[in-house]
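Student: okay, predicted coordinates and the sequence, questions at the end:
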Amino acid sequence: MEGTSSQRRAYVGSAFLSGGFRPFYLCGALYAALAVPLWVLFLHGIVAPGGAPLEPLYWHAHEMIFGFLGAIVGGFILTAIPNWTGRLPVMGNPLGALLALWLAGRVGVALLGAGTITPAAALLLDLAYPAALVATTLREIVAGKNWRNLPVVGIIAVFGLANLLFYVSFWTALDPMLAIRLALGGAAVLITLIGGRITPSFTRNWLAKGHGEPFPAPFGMVDRAALLLTGLAMLSWAIFVDGPAVGALLLAAGGVQLVRLLRWQGLRTTSEPLVLILHVGYGWLVASLLAMSAAALAPFAVNGSTALHALTAGAIGTMTLAVMTRSTLGHTGRALTADGGTVAIYVLVNLGALLRVAVHLLPMSYVQATTIAGTLWSAAFLVFALKYGQYLLTPRR
């Protein structure tokens, strides 16, 4: 470990490429801040691809998952690996190459949306990044003999497979939303796995600094059941969407996840938003599973889009910013506490998510409500880029 620390200190390249979180958090945040407003312009009819092979709805779904979320997942995994394995982090030119592959994918999808290149060409550009990320993660975990985190490689591979299936839909009768649902299922499992580690861990660390017991419950049967049931429920939802069996699995997963969350003492962290936001983000996952259960059991009564956006705008949006803010502060040598700007980020993303989930209940048109919700949600990532960009671009304190 000391050798690894010495090598890290000896790095003399660009600060921006000294850790995976730096380029991928910044680029992912900027992409979220741009992609959602572009989707709003599509809704208003101001921007239209006009006969392109990639419909705006599918572009929106694809890029928010494989573009935005793909960047954040890559930044987190590349930053966590050294802690898992004790090996030198991926940095410098290798990290720059991964970033270039992610950017190439975004350019490829944009050109496909404009009708400039074929789906086959876009596929080659877009799948290079997840393939390289899987290979890099697997290499580091195997070299470090860190077998406990092999499931993370599997989840990243699911993202890559889902992206491949999305492109397969251009040449077959396969529903492209199957690929989207499969990727979202992987995201839910990733939140369950990683969020289920860091939320109680960081909560315990904070409580131990003067707040005392009770501490979050240790990992046990409830946690194992949450992982298993969430994986099964999301897979069944990805394939079948609705029906009694799907609804029952989602309800069971949501119920166990709720019990899991309540065991983590989240209500005792209200004085530190940096910790509380982890519980809020995980709470969105619970809410999304329960909402998806209701939509699967009674699709005529519960809007499926509402349930879907509880997962995407709510759970994914909030949890990514919770992780991005905390890890950026910690890895750049700053105090682990949320100031006013950070709290504003949390408020904006949750307001945007709440409005997006409630869009069909608001006394305004769908387009108007979605515009307001999308503006607030994307503003959270813009504020992150503006406030945290200075930390990501400069050397550690």
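Tutor: The structure has been received and is ready for your questions. Numbers count the residues shown, from 1 in each chain.
Student: just give the nearest non-adjacent residue to residue 320, would you?
Tutor: residue 72 (4.8 Å; C-beta to C-beta, 6 or more residues apart in numbering). Bear in mind the C-beta positions are built from the backbone N, C-alpha and C, glycine included.
Student: equivalent analysis for residue 20, please.
Tutor: residue 78 (2.6 Å).
Student: so the one you found is in contact with residue 139, correct?
Tutor: No: with contact defined as C-beta atoms under 8 Å, residue 78 does not reach residue 139; the gap is 11.9 Å.
Student: more neighbours: which of those two?
Tutor: Comparing residue 78 with residue 139 by other C-beta atoms under 10 Å, the one with more neighbours is residue 78, at 25 against 14.
Student: mind telling me what element that one is part of?
Tutor: helix 70-85 (DSSP states H and E).
Student: packing partners of that helix?
Tutor: helix 21-44, helix 93-113, helix 119-143, helix 150-168, helix 317-331 (3 or more C-beta pairs under 8 Å, 6 or more residues apart in numbering; DSSP states H and E).
Student: run the angle between the fourth one and helix 93-113 for me.
Tutor: Meaning helix 150-168. 30 degrees (axes from the mean of the first three to the mean of the last three C-alpha atoms, to 10 degrees).
Student: what about residue 275, neighbour count?
Tutor: Neighbour number of residue 275 under other C-beta under 10 Å is 25.
Student: name the nearest residue to residue 192, sequence neighbours excluded.
Tutor: residue 230 is the one closest to residue 192 (C-beta to C-beta, 6+ apart), at 4.8 Å.
Student: show me what counts as buried in whichever strand or helix holds that neighbour.
Tutor: Using DSSP H and E, residue 230 sits within helix 221-240. Buried residues in helix 221-240, defined by neighbour count with 16 or more other C-beta atoms under 10 Å: 223, 225-227, 229-231, 233-238.
Student: now do stretch 330-341
Tutor: 331-332, 338.
Student: and which of these is nearest residue 272?
Tutor: residue 338 (7.0 Å; C-beta to C-beta).
Student: quick check, pLDDT for the residue nearest to residue 20.
Tutor: We have a pLDDT of 96 for residue 78.
Student: I'd like the distance between it and residue 301.
Tutor: According to C-beta to C-beta, to the nearest Å, residue 78 and residue 301 sit 43 Å apart.
Student: also residue 279?
Tutor: With C-beta to C-beta as the criterion, residue 279 and residue 301 are 29 Å apart.
Student: out of these two, which sits in the busier spot?
Tutor: Comparing residue 279 with residue 301 by other C-beta under 10 Å, the one with more neighbours is residue 279, at 23 against 8.
Student: buried stuff in the helix or strand hosting the more buried one?
Tutor: Applying DSSP H and E as the criterion places residue 279 in helix 273-297. Within helix 273-297, the residues that qualify as buried by neighbour count (16+ other C-beta under 10 Å) are 273-297.
Student: longest helix in the protein, please.
Tutor: With secondary structure taken from DSSP state H, the chain has its longest helix at helix 366-393.
Student: and the nearest residue to residue 384 once chain neighbours are set aside, what's its pLDDT?
Tutor: Distance criterion C-beta to C-beta, 6+ apart; nearest residue to residue 384, sequence neighbours excluded, is residue 29 at 4.7 Å. pLDDT for residue 29: 98.
Student: average model confidence for stretch 217-236?
Tutor: Mean predicted confidence for stretch 217-236 is 97.
Student: who touches it?
Tutor: Contacts with stretch 217-236, where a contact means C-beta atoms under 8 Å, 6 or more residues apart in numbering, come from 182, 184-186, 188-189, 192-193, 196, 200, 245-246, 249-250, 252-253, 256-257, 259-260, 263-264, 289.
Student: how's the protein carved up into domains?
Tutor: With domains defined by automatic domain parsing, the chain comprises 13-174, 177-397.
Student: the last one: how far from the chain's middle?
Tutor: Once both centres are worked out by C-alpha atoms, centre = their mean, to the nearest Å, domain 177-397 turns out to sit 9 Å from its chain's centre.
Student: endpoints of it, how far apart?
Tutor: End-to-end distance of domain 177-397 (C-alpha to C-alpha, to the nearest Å): 45 Å.
Student: count of neighbours near residue 247?
Tutor: For residue 247, the number of neighbouring residues by other C-beta under 10 Å comes to 21.
Student: what sits up against stretch 258-273?
Tutor: Here stretch 258-273 makes contact (C-beta under 8 Å, 6+ apart) with 196, 199-200, 203, 206-207, 211, 214-217, 222-223, 226, 275-276, 278-279, 282-283, 286, 290, 337-338, 342-343, 346.
Student: quick one, the helix holding residue 230 and helix 150-168 angle?
Tutor: 10 degrees.
Student: can I get helix 221-240 in CSV, CA atoms only?
Tutor: Only the C-alpha atoms of helix 221-240 are listed here, as CSV (Å, rounded to 0.1, in the frame of the first residue of the first chain):
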residue,chain,number,x,y,z
MET,A,221,-29.8,-11.7,5.9
VAL,A,222,-31.9,-8.6,5.2
ASP,A,223,-29.2,-7.2,3.0
ARG,A,224,-28.7,-10.5,1.1
ALA,A,225,-32.4,-10.7,0.6
ALA,A,226,-32.5,-7.1,-0.8
LEU,A,227,-29.8,-7.9,-3.3
LEU,A,228,-31.4,-11.2,-4.4
LEU,A,229,-34.9,-9.9,-4.7
THR,A,230,-34.0,-6.7,-6.4
GLY,A,231,-31.9,-8.5,-9.0
LEU,A,232,-34.8,-11.0,-9.7
ALA,A,233,-37.4,-8.3,-9.7
MET,A,234,-35.6,-6.0,-12.1
LEU,A,235,-34.8,-8.9,-14.5
SER,A,236,-38.4,-9.9,-14.6
TRP,A,237,-39.5,-6.3,-15.1
ALA,A,238,-36.9,-5.9,-17.9
ILE,A,239,-38.3,-8.9,-19.7
PHE,A,240,-42.0,-8.9,-19.0
